[in-house]
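J.: build the 3D model from these lines:
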Amino acid sequence: MWWNGEYMEINGTGENIEAEPIELKWVIGYSMLEPQCPKCKEMPYSTSYCMFCGQRFIIHEPTEEERRQAFEEKKKNIKGATWNEKFFACDNCGEDIEKSCSWVGHFDGVDDYGEIYVCKCGKNIHVGHSRYSKW
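T.: From the prediction side, this is the model:
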């Protein structure tokens with residue numbers, strides 16, 4: 001696999017392959033909770049081991065409470081759209097943003113980072129993540 005301009009073998013080998021298994025970390029991704037390797041901070045592309053550093057994991061699926069808390073935080077961090085009990089609706093036209101928006105780019109601030117989308121009506125939607133959140 002090509003990663004950062006160089007070819008990497010993806011076979012579970014790496015500096016952490018002999019380390020004791022640790023609990024997999026879950027973070028808020030683009031639209032859901034995603035796994036993150038606690039050692040190298042990359043998405044491991046497996047819940048068994050990290051394809052980049054070889055760290056093995058103890059499998060821990062997020063609980064319903066963890067999912068609910070992550071969703072509540074996501075609701076607070078979307079600017080330009082509002083949750084209407086079924087989907088996130090554009091504040092301008094009311095369309096479902098997952099169906100009517102196109103990805104534009106990333107923003108990277110001191111306290112937050114995230115993605116920028118544009119609705120088909122022209123409204124910008126910012127989906128942000130706090131740098132200080134436990135998610």
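J.: which residues of the protein score low on pLDDT?
T.: For the chain, applying pLDDT under 70 flags the ranges 1-14, 16, 29-32, 131-135.
J.: look up phi and psi at residue 58.
T.: phi -90, psi 130 (degrees, to the nearest 10).
J.: can you pull up the bridge partners for it?
T.: Beta-bridge partners of residue 58, counted by DSSP bridges, are residue 23.
J.: wait, doesn't it sit right on residue 20?
T.: No: with contact defined as CB atoms under 8 Å, residue 58 does not count as touching residue 20 (9.3 Å). Bear in mind the C-beta positions are built from the backbone N, C-alpha and C, glycine included.
J.: which stretches of this protein form helices?
T.: Secondary structure of the chain by DSSP state H: the helices cover 64-76, 97-100.
J.: buried residues in the longest one?
T.: Right, the one you point to is helix 64-76. Under the neighbour-count criterion of 16 or more other CB atoms under 10 Å, helix 64-76 has 70, 74 buried.
J.: can I get it in CSV? Just the C-alpha atoms.
T.: Below are the C-alpha coordinates for helix 64-76, written out as CSV (Å, rounded to 0.1, in the frame of the first residue of the first chain):
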residue,chain,number,x,y,z
GLU,A,64,-24.7,2.6,23.3
GLU,A,65,-23.9,5.3,25.8
GLU,A,66,-20.6,6.1,24.1
ARG,A,67,-22.4,6.3,20.7
ARG,A,68,-25.1,8.6,22.2
GLN,A,69,-22.5,10.9,23.7
ALA,A,70,-20.5,11.0,20.4
PHE,A,71,-23.7,11.9,18.5
GLU,A,72,-24.6,14.6,21.0
GLU,A,73,-21.2,16.1,20.6
LYS,A,74,-21.5,15.9,16.8
LYS,A,75,-24.9,17.8,17.0
LYS,A,76,-23.2,20.6,18.8
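J.: check the offset of it from the chain's centre.
T.: Its chain's C-alpha centre and that of helix 64-76 lie 13 Å apart, by CA atoms, centre = their mean, to the nearest Å.
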